[in-house]
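Trainee: Can you look at this prediction? I've put the sequence above it.
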Number of protein chains: 2
Amino acid sequence: MKLRRSERMVVISNYLINNPYTLTSLNTFAEKYEAAKSSISEDIAIIKRAFENSHIGVIQTVTGASGGVIFTPTISEDDAKAIVTELCQRLSESDRILPGGYIYLSDLLSTPSILQNVGRIIASSFAGEKIDAVMTVATKGVPLANAVANVLNVPFVIVRRDLKITEGSTVSVNYASGSSDRIEKMFLSKRSLKPNSRVLIVDDFLKGGGTISGMISLLKEFESELVGVAVFASNAQAKRSNFVDYKSLLKVTKIDTKANKVQVELGNIFDK
Amino acid sequence: MKLRRSERMVVISNYLINNPYTLTSLNTFAEKYEAAKSSISEDIAIIKRAFENSHIGVIQTVTGASGGVIFTPTISEDDAKAIVTELCQRLSESDRILPGGYIYLSDLLSTPSILQNVGRIIASSFAGEKIDAVMTVATKGVPLANAVANVLNVPFVIVRRDLKITEGSTVSVNYASGSSDRIEKMFLSKRSLKPNSRVLIVDDFLKGGGTISGMISLLKEFESELVGVAVFASNAQAKRSNFVDYKSLLKVTKIDTKANKVQVELGNIFDK
């Protein structure tokens, strides 16, 4: 398909946006759009400048025979802070407090525009790390893991708290359930994670840290490595001993069920 | 931020791709990129042509004071068929058959590039319909609902088979569980769906249809309306009486556990 330069730039931009973290050779574009490789190279230079000036992302050029370009989505710190500050306000709404001191998050974690931004912020904070998969626990972590995996363009794996026949053979570990001191089991399908994978763990809410510690034990069972832990919100009041480093977008500093108030701050992902 | 025309087209394309089904006024772009409205109008005309020629999507112009442009992602029928034909092959792999005649799908439904395409195909097949939310049942339907909701830019709601304290007040209905004739319960958080919503139901695998019938009863409880049902794969051998119309990407015509073979065809979403 032969296109004018302006149109070609639009479709190449679209391709890069939809295929992040993927090496694409300039020849692929040259053949697809029936243009000289030198023209494609000029197109990419313009797209690169526009993407970088507008903090859409970075385009890296790999030279050599097997070279090409790789698009990595980014987000500016100002944009990230503005987005999370707005989430702070949404989280502070009094009608989010559920009996027992829980916070209702499901609406935020099921809105595509929010998830997309959150995915970009978490992925950016692990820029430069090689990540093969994103891991989470069913059900509420799934949209978040999906969002981060979309940006990183890697698969996500879902750990379950129950056994389903549709998962085939599974590996299980014990973990200390957050809300109590009960020991429970979590399961991961044997074929869902290859050995030697580098894994980013994400979850919606960090309280005692039992679920995340459980997922870390699962990684050992799968001979895989932890890259890092990121959560949407963490409870600053919860006691966690010997817990791993983690990054949080939001930090809940106080849940006052009597006054029906939640205090929320920017999480440690913004710490220098 | 003042940009050259070529750069402006790149960033406007990026904006439209990331904000589908959203009306944006030309003034928004004119102010953001310090350009005349007439220049923006010309940019959009070029982007529109490029998007349409490459089947990326359609840009609709709404005239008048509250007017602007709306981007609707599309996918060509040829591309859709090619993608689903490849999925047919993936599904036919013999090592997907689990004891009991179940098929392992989790790897396909946790790969962002596959989900993105599947979301686009399902959303396109409901083009022109007003959809306020996408509904599914936990856990395996979640990534699929998330993918369709991303394209439609609407929230998704997750029906659960168990009761979680973090969901707040819920409404429950009974449904006939697929694998047996047992009657079970499914739950939806009261605040997750507004009355009078128009809802698209999606699920990973359609067998007896009990879960989907359950979700349709839930819609009635929430005074909401069914727009349609779409599934990733349907079992052509299963008996379903009085079942609603549905669209499937893939149709499993035979699961031969003895010979360890699955027969898969293109689903009825491609029927004329």
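Mentor: Happy to help now that I have it. Quick caveat, the model's predicted, so the values are computed rather than measured. Numbering: from 1, shown residues only, chains lettered A, B, ... in the order given.

Trainee: those strands in the stretch 151-272 of chain A, which residues are they?
Mentor: For the stretch 151-272 of chain A, the strands defined by DSSP state E, counting those that start in this stretch cover A:156-159, A:170-176, A:183-189, A:198-206, A:225-235, A:247-256, A:261-266.

Trainee: One more: the stretch 1-150 of chain A?
Mentor: A:57-62, A:68-73, A:97-98, A:102-103, A:133-137.

Trainee: excluding its backbone neighbours, what's nearest residue A:8?
Mentor: residue A:33 (5.2 Å; Cβ to Cβ, 6 or more residues apart in numbering or on different chains). To be clear about C-beta, it is placed using only N, CA and C from the backbone, and glycine gets the same treatment.

Trainee: no wait, residue A:57
Mentor: residue A:73 (4.3 Å).

Trainee: How about residue A:43?
Mentor: residue A:9 (5.1 Å).

Trainee: these two touch, right, residue A:149 and residue A:134?
Mentor: Yes - between residue A:149 and residue A:134 there is a contact under Cβ atoms under 8 Å: 4.4 Å.

Trainee: and residue A:114, what pLDDT?
Mentor: Predicted confidence (pLDDT) for residue A:114: 97.

Trainee: re the thing from before, okay, the strands of the stretch 151-272 of chain A, which one's buried deepest?
Mentor: strand A:156-159 (a mean of 26; mean count of other Cβ atoms under 10 Å in any protein chain shown).

Trainee: Whether that strand contacts chain B - can you check?
Mentor: Yes - with Cβ under 8 Å from any Cβ of the partner chain as the criterion, chain B is reached by strand A:156-159 at A:156, A:157, A:158.

Trainee: before we move on, the earlier item: neighbours of the residue nearest to residue A:8, how many?
Mentor: Residue A:33 has 20 neighbouring residues, counting by other Cβ atoms under 10 Å in any protein chain shown.

Trainee: Report the contact partners of it.
Mentor: A:1, A:2, A:3, A:8, A:11, A:12, A:40 (Cβ atoms under 8 Å, 6 or more residues apart in numbering or on different chains).

Trainee: and residue A:149 and residue A:134? which has more neighbours close in?
Mentor: Neighbour count, other Cβ under 10 Å: between residue A:149 and residue A:134, residue A:134 has more, with 31 against 27.

Trainee: and stretch A:181-199, how far from the chain's centre?
Mentor: Computed by Cα atoms, centre = their mean, to the nearest Å, the chain-centroid distance of stretch A:181-199 equals 18 Å.

Trainee: so, in contact with chain B or not, that stretch?
Mentor: Yes - using Cβ under 8 Å from any Cβ, we find that stretch A:181-199 touches chain B at A:189, A:191, A:192.

Trainee: Serialize those to CSV and add fields for pLDDT and distance to residue A:266.
Mentor: Shown next, in CSV, are the residues of stretch A:181-199 next to chain B (pLDDT from 0 to 100; distance: Cβ to Cβ, whole Å):
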residue, pLDDT, distance to residue A:266
A:189, 94, 36
A:191, 92, 39
A:192, 94, 33
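
Trainee: any idea how far residue A:117 is from residue B:150?
Mentor: 13 Å (Cβ to Cβ, to the nearest Å).

Trainee: Show me which of those two is the more surrounded one.
Mentor: Legend: neighbour count by other Cβ under 10 Å for residue A:117 and residue B:150, higher for residue B:150 (25 against 22).

Trainee: That one is in contact with residue A:112, isn't it?
Mentor: Yes - between residue B:150 and residue A:112 there is a contact under Cβ under 8 Å: 4.6 Å.

Trainee: hang on, isn't residue A:207 packed against residue A:236?
Mentor: No - Residue A:207 is beyond contact range of residue A:236, at 10.5 Å (criterion: Cβ under 8 Å).

Trainee: Give the residue from the two that has the larger number of neighbours.
Mentor: residue A:207 (21 against 16).

Trainee: how near is that one to residue A:162?
Mentor: Using Cβ to Cβ, residue A:207 is found at 20 Å from residue A:162.

Trainee: before we move on, the earlier item: which among the residues of strand A:156-159 next to chain B gets closest to residue B:28?
Mentor: Taking Cβ to Cβ as the measure, residue B:28 lies nearest residue A:156 of the residues of strand A:156-159 next to chain B, at 33.6 Å.

Trainee: Next, find the distance separating the nearest residue to residue A:37 once chain neighbours are set aside from residue A:12.
Mentor: The spatial neighbour of residue A:37 that comes closest, neighbours along the chain excluded (Cβ to Cβ, 6+ apart), is residue A:30 at 4.7 Å. Computed as Cβ to Cβ, the residue A:30 to residue A:12 distance reads 11 Å.

Trainee: Please apply the same query to residue A:112.
Mentor: 24 Å.

Trainee: Between those two, which has more neighbouring residues?
Mentor: Comparing residue A:112 with residue A:12 by neighbour count (other Cβ under 10 Å), the higher total belongs to residue A:12, at 26 against 23.

Trainee: For the more buried one, give me the pLDDT.
Mentor: 97.

Trainee: before we move on, what about residue A:230?
Mentor: Reading off the model, residue A:230 has pLDDT 98.

Trainee: from memory it sits against residue A:269, does it?
Mentor: Yes - between residue A:230 and residue A:269 there is a contact under Cβ under 8 Å: 7.3 Å.

Trainee: intersection of neighbour lists for those two?
Mentor: Among the neighbours of residue A:230, those also in contact with residue A:269 (Cβ under 8 Å, 6+ apart) are A:122, A:125, A:247, A:248, A:249.
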